[in-house]
Structures are given as structure tokens and as C-alpha cells.
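*Asks:* how does the following fold in three dimensions:
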Amino acid sequence: MNTARQLFLACLLVFSTVVKGADLPIAERIKPDRFGIIFNKGYAGDNLPSDPAEFEKLIVAIKKANFNVVLCKYDAKRLEICTKHDVQMFVDLLVEDQHVFKNPAKAQEVCESIKDSKAVYGYHLWSDNIGKTYTGRTRDVQNVHQWDPHHAAYIGSYKMGGVAAVQDMDLFGYYDFHFKRGGHWGHLNQAWAVAKPRGIGFLRYDDASPGLVGKGNSYRVGYSIATSIVFGLRGYMFHYVRRQIDFKTFELDDLGKDLARVNERFTAVGPELVKIEIPSAVYSTPITKTERNDPITGDPIVPGGLTPVPVDGWFKIQSGEVLVSESLDGSGRSVLIFACHNPYENQKVVVAFSNGIKSAEIFDRARKEWRPLTMEKGTVNFTIEDFGVELLRVQR
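*Replies:* Numbering: from 1, shown residues only. Next comes the predicted model:
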């Protein structure tokens, strides 16, 4: 590298460490083009097969398990394989020799070399507590934006604290093992509060086994994801444990089969979710049973931290124990996103429209298309699966 270029890069890096006073406007955000169902085996290291043939066997296996993104170190051969099988690469810029702030010259080289690739999902820049590191994390995001203006820069955190202080990120995520640690609604409200004004989605780094594997586990995992989608979730990955897939045979074990079943529920609806804006409002009906299927003592209640459906709103939930959020699609139509409060029981839902509507459609996941819903006396009805989501599109 010549002296002039070295000086230019040095100045560029110094300039990019200066934190801007305000976030990028919504129109300038970079949004992944798919709902990310992300396979990983940890981060900050090269943990996947280095041999291209073995890596391809892994990609084939995870795609069969309904993953559509893989988190890993960048390698040109790997990207070719991902392109071949339509599995996008979530480029881990925490690996030592491509580290976003310890080895920025190499990270820049990687980003610039793949900036036009449609097989890149985005860049993984951090997955630890933010705390007082938000200035450095903003620097990382802004550097990556200069090196590659086409793919999302992701910042993850063990807790939500400090995430809001990171500027210009296109995507963020957090850990949430709420069946074991609690805090689900609080965490989701915090994530939504960061996502909504910025117009960006969020990911979850989630517990793969909150229940009994092969029995109730998939219901609990799916519930965590479905209820998060209502708040603006745009993808997820599982906390890696030494299970899921055999790296010699590339066969799924019982846990892997659980997760594949969960992934299947969200594969069809994912392309529609990325077309919808981050919800402007999130509501809940009262519930009679908890997420563990235990009866509520006393009268039905709206869980703490959630907002009841307004009594004077333009729609009302006459039947079903559900979460629902209100959003818009690219054509300005209202989209209601529903999820079950109880992951073990389907819900028969009846929605009434106070002032009438022109039309209502539901997204048919089996056929991967919208279909009309028949209205009777100003209401529509449908069923939400135990740990699924349903999208209701309304022309008002």
C-alpha cells in the first residue's frame, strides 16, 4: 500500500470515530431483504468447517432445517456456496484476523470486496454488553457504512441497557432467556422503543431449550419468537449448545428437529414481515392462562407491561387471547400482526371493526399468498396456531 493511501485510510478512520449527534433518518437505514433465521456456532472465531466440501454439507443441512442465514467468518469459497444454496452470510467481523476495530484494514478489505453481493445478510459487529462502549460501537457501524453502504450493520447486547446510545445501526439484538430468567415484556418494550423511532428491526439471541426437548420445547421457543414479531422482530438466532447438529454426519438431533419445526412456522411469513413497517402500537387482550399454560387466579388480566386494546379503537378483539400490533405495508394499508398468548392452544379469533372497512385479507402461509376474508356483520374470524403468527391486511 502506498504512503498516500495509508494516510488517506488513517484520516478516514480518525474521522469515522467521531460520533454524530443524531441517528440517520429512517429513509437512510439499510434493511436486510429477508427475515433472518440464523444458524450459528458461536461468534468471534472460525467455528464452522474450513473445508469447502464440508462447509457445503453444513449449508445443505441447515437449509433443510429452515435456516436461511449463517453467521460465520467470511471466505470467498464460503460465499460462493452460500450463493449457490440461497443461504445468506452474516459476516462475523469479530473474528481476530478480520476484526472490525482490532484489524480495521482487513475488515475494510472484506467489506469492500463483497459490498455488491446479494448473498450477504449483514455484518455482525458486537454481541456483548454495551455499557459505556457505545462510542466505539458507533464508530464500528459508521466505518462499515463507509466500506459497504449496501448491507446492514448489526450491534447485539446481552442486555438492552446502552443499546439506544449506539447511533446509525441498521439492526440490533439482545439476549432473552425469559422462561428461565423472566423479563420478556420488559425486554420487548425496550427493544420496540429503540426500533420504532429509527424504523429498524431487531433480532433475538435466544434460548434453544427453554422446555423439554422433543415435547414442549418447540412450543416455548416458538412462543418467544411469535410474540416478539408483534413488537418488530426481524430475525433470530439460537444460543449455541453442543447439540442441534452432528458435525460429522450433518444430521439433526432431537434439539435440532425441535428448532427446524419452529423455523418452518416462520419461513413462509418472513418475506411478508420485511415488507411491513415497525409497529406503531402493540396491544394485548386479557388472558386466562399464562405462557406456561397455568390458569390465572381470579379474573382475566392484561399482563403487566402490556397495553389493553383501546375500547374506542378502530378494531376490537371479541374472541381469542392474543397480542396484536398495528403497522403499515408499503402501500399504506393497515396490517395487524397477531400472536397467541398461550403457546399450547390454538386461538379462535374474532375481530370487529367499529366503523367498517373496505376489505380484509389474511396471509395464507401454506399457499404463501394473501386471500380474502369474509366479513359477517362487520367482523372477521380466523385461527392462530399455538406458536404461530397471523397477518391481517385491512383496507380502511
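*Asks:* for the spatially most central residue of the chain, which non-adjacent residue is spatially closest?
*Replies:* Among the residues of the chain, the one closest to the centroid is residue 235, at 2.1 Å (C-alpha atoms, centre = their mean). Leaving aside its chain neighbours, residue 235 sits nearest to residue 36 (2.9 Å; criterion: C-beta to C-beta, 6 or more residues apart in numbering). Backbone N, C-alpha and C define where each C-beta goes, glycine included.
*Asks:* and residue 259, that's in a strand?
*Replies:* No - with DSSP: H, G, I helix; E, B strand; the rest coil as the criterion, residue 259 is located in helix rather than a strand.
*Asks:* OK, contacts around the residue nearest to the centre of the chain?
*Replies:* 32, 34, 35, 36, 37, 38, 69, 201, 203 (C-beta atoms under 8 Å, 6 or more residues apart in numbering).
*Asks:* 7 Å instead, please
*Replies:* Listed by C-beta atoms under 7 Å, 6 or more residues apart in numbering, the contact partners of residue 235 are 35, 36, 37, 38, 203.
*Asks:* and what of residue 48?
*Replies:* 41, 55, 58, 72.
*Asks:* in what helix or strand does it lie?
*Replies:* Element membership for residue 48, per DSSP states H and E: none, as it lies in no helix or strand.
*Asks:* buried subset of the contacts of residue 235 as a ChimeraX selection?
*Replies:* Written as a ChimeraX command, the selection of buried residues from those, which uses 16 or more other C-beta atoms under 10 Å, is:
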select :35,36,37,38,203
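*Asks:* same list (the contacts of residue 235) but as a markdown table, adding pLDDT and secondary structure.
*Replies:* Below are the contacts of residue 235 laid out as a markdown table (pLDDT from 0 to 100; DSSP: H, G, I helix; E, B strand; the rest coil):
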| residue | pLDDT | secondary structure |
| --- | --- | --- |
| 35 | 98 | coil |
| 36 | 98 | strand |
| 37 | 98 | strand |
| 38 | 98 | strand |
| 203 | 97 | strand |
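*Asks:* for the residue nearest to the centre of the chain, what are phi and psi?
*Replies:* phi 160, psi 170 (degrees, to the nearest 10).
*Asks:* helices along the protein, start to end?
*Replies:* Applying DSSP state H to the chain gives helices spanning 3-16, 52-64, 76-85, 104-114, 134-147, 178-181, 184-198, 217-229, 254-267, 270-273.
*Asks:* relative to helix 76-85, how tilted is the second one?
*Replies:* What separates the directions of helix 52-64 and helix 76-85 is an angle of 40 degrees, with axes from the mean of the first three to the mean of the last three C-alpha atoms, to 10 degrees.
*Asks:* using CSV, write out every CA atom in helix 52-64.
*Replies:* Extracted C-alpha coordinates of helix 52-64, given in CSV (Å, rounded to 0.1, in the frame of the first residue of the first chain):
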residue,chain,number,x,y,z
PRO,A,52,-15.4,-26.2,1.4
ALA,A,53,-16.9,-29.6,0.8
GLU,A,54,-17.7,-30.0,4.5
PHE,A,55,-19.0,-26.4,4.7
GLU,A,56,-21.3,-27.1,1.8
LYS,A,57,-22.7,-30.2,3.6
LEU,A,58,-23.4,-28.0,6.6
ILE,A,59,-25.2,-25.4,4.4
VAL,A,60,-27.4,-28.0,2.8
ALA,A,61,-28.3,-29.4,6.2
ILE,A,62,-29.2,-26.1,7.8
LYS,A,63,-31.3,-25.1,4.8
LYS,A,64,-33.3,-28.3,5.2
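*Asks:* what's the spacing between the residue nearest to the centre of the chain and residue 158?
*Replies:* 18 Å (C-beta to C-beta, to the nearest Å).
*Asks:* same check on residue 76?
*Replies:* In this view, residue 76 and residue 158 are 32 Å apart by C-beta to C-beta.
*Asks:* also residue 357?
*Replies:* Applying C-beta to C-beta, the value for residue 357 to residue 158 is 43 Å.
*Asks:* related to what we said a few turns ago, ok, the contacts of residue 235 vs residue 247, which is closest?
*Replies:* Closest to residue 247 out of these is residue 38 (17.5 Å), distances taken as C-beta to C-beta.
*Asks:* what stretches of the stretch 151-300 of the chain score poorly on pLDDT?
*Replies:* Within the stretch 151-300 of the chain, no range satisfies pLDDT under 70.
*Asks:* can you give me the neighbour number for residue 103?
*Replies:* 16 (other C-beta atoms under 10 Å).
*Asks:* with adjacent residues omitted, what lies nearest to it?
*Replies:* residue 97 (6.1 Å).
*Asks:* what do you get for residue 364?
*Replies:* Leaving aside its sequence neighbours, residue 364 sits nearest to residue 371 (C-beta to C-beta, 6+ apart; 5.0 Å).
*Asks:* equivalent analysis for residue 387, please.
*Replies:* For residue 387, the spatially nearest residue (C-beta to C-beta, 6+ apart) is residue 222, at 2.9 Å.
*Asks:* distance of that neighbour from residue 320?
*Replies:* 17 Å.
*Asks:* which of those two has more neighbours?
*Replies:* Taking other C-beta under 10 Å, residue 222 and residue 320 do not tie; residue 222 has more neighbours (26 against 20).
*Asks:* so what's the more buried one up against?
*Replies:* Neighbouring residues of residue 222 by C-beta under 7 Å, 6+ apart: 262, 265, 343, 387.
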